[in-house]
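Asks: return a 3D structure for these sequence lines:
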Amino acid sequence: MDMQTADQQRILQIEGAYNVRDLGGYKTKEGRTTRWGLLYRADGLHGLSEKSRQNLVN
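Replies: Have a look, this model is predicted:
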């Protein structure tokens, strides 16, 4: 997967939070790659709707 495709996949449209991103696909210093769909970062998770919260959990 090229970087442009990875960046497009990384950004999630989640109602109630800004700048939600999947941290999968990054290379570690050991040469491995972080798993997709396991770890996210975001601004303002306190504003998530119930539907958005459930989508992230599932």
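Asks: would you mark the buried spots in stretch 32-48?
Replies: Across stretch 32-48, burial judged by 16 or more other Cβ atoms under 10 Å covers 40, 42, 45, 48. Glycine gets a C-beta too; all of them are placed from N, C-alpha and C.
Asks: how much space between the last one and K29?
Replies: L48 is 32 Å from K29, where distance means Cβ to Cβ, to the nearest Å.
Asks: quick check on the residue nearest the centre of the chain: phi, psi?
Replies: Centroid check for the chain by Cα atoms, centre = their mean gives D22 as the closest residue, at 1.8 Å. Torsion angles at D22 (phi, psi; degrees, to the nearest 10) stand at phi -80, psi 130.
Asks: isn't it right up against Q9?
Replies: Yes - taking Cβ atoms under 8 Å as the definition, D22 is a contact partner of Q9 at 7.1 Å.
Asks: where does the prediction get shaky in this structure?
Replies: 1-8 (pLDDT under 70).
Asks: now the strands for it?
Replies: Under the criterion DSSP state E, the chain contains strands at 11-12, 18-22, 40-43.
Asks: what are the contacting residues of the shortest one?
Replies: Think strand 11-12. With Cβ atoms under 8 Å, 6 or more residues apart in numbering as the test, strand 11-12 has contacts from 20-22, 40.
Asks: likewise for stretch 37-45?
Replies: 12, 14, 16-24, 56.
Asks: how about a cut-off of 6 Å?
Replies: Stretch 37-45 has contacts (Cβ atoms under 6 Å, 6 or more residues apart in numbering) with 17-23.
Asks: OK, contacts around the closest residue to T28 other than its chain neighbours?
Replies: Leaving aside its sequence neighbours, T28 sits nearest to T34 (Cβ to Cβ, 6 or more residues apart in numbering; 6.6 Å). Applying Cβ under 6 Å, 6+ apart to T34 gives the contacts 23-24, 26.
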